[in-house]
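**Q** below: sequence and its predicted model.
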Amino acid sequence: MRRVWVSPAKYVQGSGELERLGFFVKIYGKSALLIGTKEDIERVRPQLRTTAEKYEIEFIESRFSGECTKKEVDRLKEMVFVKNCQCIVGLGGGKALDMAKGVANGQNLILVPTIAATDAPTSSATVFYNEDGTLENYTYFSQSPSVVLLDSDVIVKAPVRFLVAGMGDALSTYYEAFETSISFGSIQAAKICGEDSELKTCSTLAAKSIAKTCLEVVLKDGIAAKEACIENKVTEAFENILEANTLLSGLGFENGGLAAAHAIHDGMTLIDSTRPYLHGEKIAFCLLVQFVLENRSIEEIKVIFFFMKKVGLPTNFAAVGLDKATEAELFKAARAICLKNDPLANMSMKISPAELVSAWIEADDLETLLTLE
């Protein structure tokens with residue numbers, strides 16, 4: 001079976017790296033469209049000013065709305081043309097970075113995450129939303145980002161909730177890639193290579209190794225990294241989690257495949273009460289649902305469940321807003337998940353809406369079950 005590897009051309013992480021952003025911009029020209037919210041740009045305004053002056057480049061600010069929609073992509077593409085920008089810089093959280101991918105379409109793209117809440121920065125995929133906040137679709141571009149640049153000094157000052165949410169996203173990487181591998185391939189990788197969605201591709205040995213390392217690093221350094229972030233200290237544990245949340249998880253999911261955890265998350269966008277919660281927070285709980293669907297052993301679930309409890313990730317309905325959802329809403333979301341069947345199709349078993357709702361409810365009750373063990 002065909003093997004596929006997808007990755008950004010360059011990945012740079014360390015203290016003070018934002019002041020070198022101009023070096024990478026200058027590879028493409030003298031001006032870049034800067035896509036980020038006003039709040040995120042103001043947070044790093046001094047570093048942007050310093051790098052612009054040092055490398056004699058200009059940032060054209062885009063006035064990004066904050067929502068990743070195709071209408072916003074069209075507006076910003078027009079801005080690139082009018083302002084004659086030679087490259088695109090996405091700065092901020094996942095939606096700003098996804099927007100930058102949509103505008104650049106893989107060309108001359110530099111991504112600068114200011115939080116470590118998701119693995120979006122290293123991937124070639126954008127998650128588009130409708131105007132009402134519901135998920136529209138995943139779009140896979142033919143080329144990955146040119147440069148991914150992380151400034152540890154900036155990210156360590158972000159609210160710790162974002163770092164913890166990133167661990168939730170990273171925790172799922174190995175388990176989703178594992179399910180994908182035993183179902184004989186990844187639909188995601190096929191789409192990246194322009195193939196029909198029904199044609200799957202096989203993970204490389206590198207992808208499997210990276211997904212496993214991602215899990216090991218999160219479990220080993222997660223608690224210490226959270227403590228470092230609370231104290232605004234860049235430590236080795238913090239740097240390790242920064243890499244796990246961003247690079248290892250990103251390469252692991254894109255080359256290994258997504259499965260039930262992300263499919264269930266996408267369905268949750270149909271439930272209004274879950275909207276205030278971060279992507280990685282919801283993914284963490286959805287991973288527990290995937291464990292139930294897989295019928296994983298209690299001992300294996302315990303390791304992840306109690307790590308999640310200790311680090312502060314959601315482990316029940318109330319922690320992700322599902323306690324406010326009606327049974328009708330759960331079944332509506334479950335039917336949508338099963339009908340779409342992507343990335344649910346990467347699971348090694350067929351899943352019905354009724355089985356999905358049952359697993360949802362059982363995952364909500366895991367704490368009682370595990371405490372009684």
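**A** Looks like it came in fine.

**Q** ok, which stretches of this structure are strands?
**A** Assigned by DSSP state E, the strands in the chain fall at 3-4, 10-14, 31-35, 58-61, 87-92, 109-113, 125-129, 135-140, 147-151, 202-203.

**Q** mind putting those into JSON lines with distance to residue 292 and mean pLDDT?
**A** Placement of C-beta: from N, CA and C, glycine included. JSON lines is the format used below for the strands of the chain (distance: least, Cβ to Cβ, whole Å; pLDDT from 0 to 100):
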{"stretch": "strand 3-4", "distance to residue 292": "30", "mean pLDDT": "82"}
{"stretch": "strand 10-14", "distance to residue 292": "35", "mean pLDDT": "98"}
{"stretch": "strand 31-35", "distance to residue 292": "39", "mean pLDDT": "97"}
{"stretch": "strand 58-61", "distance to residue 292": "46", "mean pLDDT": "97"}
{"stretch": "strand 87-92", "distance to residue 292": "34", "mean pLDDT": "97"}
{"stretch": "strand 109-113", "distance to residue 292": "32", "mean pLDDT": "98"}
{"stretch": "strand 125-129", "distance to residue 292": "25", "mean pLDDT": "84"}
{"stretch": "strand 135-140", "distance to residue 292": "23", "mean pLDDT": "80"}
{"stretch": "strand 147-151", "distance to residue 292": "34", "mean pLDDT": "98"}
{"stretch": "strand 202-203", "distance to residue 292": "24", "mean pLDDT": "81"}
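
**Q** okay, those strands in JSON lines with distance to residue 47 and mean neighbour count next?
**A** Formatted as JSON lines, the strands of the chain follow (distance: least, Cβ to Cβ, whole Å; neighbours: other Cβ atoms under 10 Å):
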{"stretch": "strand 3-4", "distance to residue 47": "36", "mean neighbour count": "17"}
{"stretch": "strand 10-14", "distance to residue 47": "13", "mean neighbour count": "16"}
{"stretch": "strand 31-35", "distance to residue 47": "12", "mean neighbour count": "26"}
{"stretch": "strand 58-61", "distance to residue 47": "11", "mean neighbour count": "16"}
{"stretch": "strand 87-92", "distance to residue 47": "10", "mean neighbour count": "28"}
{"stretch": "strand 109-113", "distance to residue 47": "10", "mean neighbour count": "28"}
{"stretch": "strand 125-129", "distance to residue 47": "26", "mean neighbour count": "21"}
{"stretch": "strand 135-140", "distance to residue 47": "30", "mean neighbour count": "16"}
{"stretch": "strand 147-151", "distance to residue 47": "7", "mean neighbour count": "24"}
{"stretch": "strand 202-203", "distance to residue 47": "37", "mean neighbour count": "20"}
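
**Q** indicate which one of the ones you listed is closest to residue 367.
**A** Of all the strands of the chain, it is strand 135-140 that lies closest to residue 367, at 28.3 Å by Cβ to Cβ.

**Q** low pLDDT regions in this protein?
**A** Where the chain drops to pLDDT under 70, the residues are 183-200, 372-373.

**Q** the domain parsing of it - what is it?
**A** 3-155, 160-372 (automatic domain parsing).

**Q** which secondary structure elements does the longest helix belonging to the chain contact?
**A** For the chain, the helix that runs over the most residues, judged by DSSP state H, is helix 205-230. Using 3 or more Cβ pairs under 8 Å, 6 or more residues apart in numbering; DSSP states H and E, the elements in contact with helix 205-230 are helix 160-182, helix 236-243, helix 249-256, helix 298-311.

**Q** so which of those is the most surrounded?
**A** helix 249-256 (a mean of 30; mean count of other Cβ atoms under 10 Å).

**Q** and the contacts of that one?
**A** Helix 249-256 has contacts (Cβ atoms under 8 Å, 6 or more residues apart in numbering) with 4-7, 119-125, 166, 169-170, 172-174, 176-177, 180-181, 186, 188-189, 192, 203-204, 206-208, 210-211, 214, 262.

**Q** report the angle between it and helix 205-230.
**A** 160 degrees (axes from the mean of the first three to the mean of the last three Cα atoms, to 10 degrees).

**Q** helix 249-256 vs strand 135-140, what angle?
**A** Using the same axes, to 10 degrees, helix 249-256 lies at 80 degrees relative to strand 135-140.

**Q** for helix 249-256, C-alpha coordinates in PDB please.
**A** Taking C-alpha atoms only, helix 249-256 is exported to PDB below (Å, rounded to 0.1, in the frame of the first residue of the first chain):
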ATOM      1  CA  SER A 249       0.800  15.900  17.500                       C
ATOM      2  CA  GLY A 250       0.500  17.700  14.100                       C
ATOM      3  CA  LEU A 251       2.800  15.300  12.300                       C
ATOM      4  CA  GLY A 252       1.200  12.300  14.100                       C
ATOM      5  CA  PHE A 253      -2.400  13.200  13.200                       C
ATOM      6  CA  GLU A 254      -1.800  14.300   9.600                       C
ATOM      7  CA  ASN A 255       0.400  11.300   8.700                       C
ATOM      8  CA  GLY A 256      -1.300   8.800  11.100                       C
END
